[in-house]
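A.B. asks: here is my input; please provide its structure:
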Amino acid sequence: MASPIPTLTEGLTTIRPIRLRDARALERELAENRSWLRKWEATNPHGPMSFDVRSSIRSLQQNARAGLGLPFVIEYDGQLAGQLNVSSVAYGSLSSATIGYWVSERFAGKGATPTAVALATDHCFFGVGLHRMEICIRPENEPSLRVVEKLGFRYEGLRRRYIHINGDWRDHFCFALTVDELPTGVLRRWLDGKAPVKDAEVPASDRAKAQRPLVT
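C.D. replies: Residues are numbered from 1 along each chain as shown. Now for the predicted structure:
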């Protein structure tokens with residue numbers, strides 16, 4: 001059940017469907033921001049991952065045609081700033097999805113990331129009809145933790161050794177929202193200054209646990 005992927009804009013930030021012709025610009029951004037992004041990149045526990053952006057775009061588009069994802073490019077003031085991908089889309093009794101994203105270092109702190117996440121979440125809730133959206137973030141990724149705090153995502157718990165990132169299995173903090181909590185939408189609530197930032201607060205016990213190796 002594929003959903004059309006719209007172009008959505010708020011202020012200087014736009015999210016739009018990813019295209020094959022974005023490959024060269026994305027390759028350039030990824031190369032120039034290697035040191036900024038590498039520590040957050042998903043890796044393959046069974047071997048090296050290919051740095052083939054065109055193949056990655058084709059895979060994302062194929063996933064979208066199957067109704068399993070919504071791949072976006074993030075633009076800021078008309079410039080390509082990063083990517084946002086809605087993945088693991090499930091319908092029926094679950095009706096949920098997960099959001100992942102990256103932005104180039106020069107666009108950090110401009111509000112592009114929370115705006116893009118809010119636009120995508122609102123579309124999934126009110127355009128696609130999903131019930132729950134989830135974001136999982138490494139405990140060390142303070143910029144991303146600030147994004148979910150700004151938008152009022154609710155902290156749901158620590159997932160130990162959850163995703164293979166930068167060469168090892170890494171712990172993640174999990175945050176989520178359901179459409180029931182947002183009659184006006186994520187974006188409107190944030191812009192109106194009504195996002196409950198305390199909802200994203202991670203308990204000290206989970207922060208401490210994430211700093212310790214998982215004992216088996």
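A.B. asks: where in this structure is pLDDT low?
C.D. replies: Applying pLDDT under 70 to the chain picks out residues 1, 40, 42-44, 46-51, 215-216.
A.B. asks: so where do the strands sit in it?
C.D. replies: In the chain, the strands defined using DSSP state E lie at 8-10, 13-17, 70-76, 79-90, 96-103, 132-137, 154-165, 168-178.
A.B. asks: single out the most deeply packed of those strands.
C.D. replies: Comparing those on average neighbours per residue, with mean count of other CB atoms under 10 Å, the densest one is strand 70-76 at a mean of 24. Every C-beta, even on glycine, is put in place using the N, C-alpha and C of the backbone.
A.B. asks: mind checking how far the longest helix seen in the chain is from the chain centre?
C.D. replies: Across the chain, the longest stretch assigned as helix under DSSP state H is helix 53-65. Distance of helix 53-65 from the chain centroid (CA atoms, centre = their mean, to the nearest Å) equals 17 Å.
A.B. asks: cool, stretch 101-117 as well?
C.D. replies: On CA atoms, centre = their mean, the centre of stretch 101-117 falls 11 Å from the chain's centre.
A.B. asks: ok, and what's touching it?
C.D. replies: 10-13, 15, 29, 32-33, 36-37, 40, 72, 74, 76, 79, 81-85, 99, 135, 143-144, 147, 150-151, 186-187, 190 (CB atoms under 8 Å, 6 or more residues apart in numbering).
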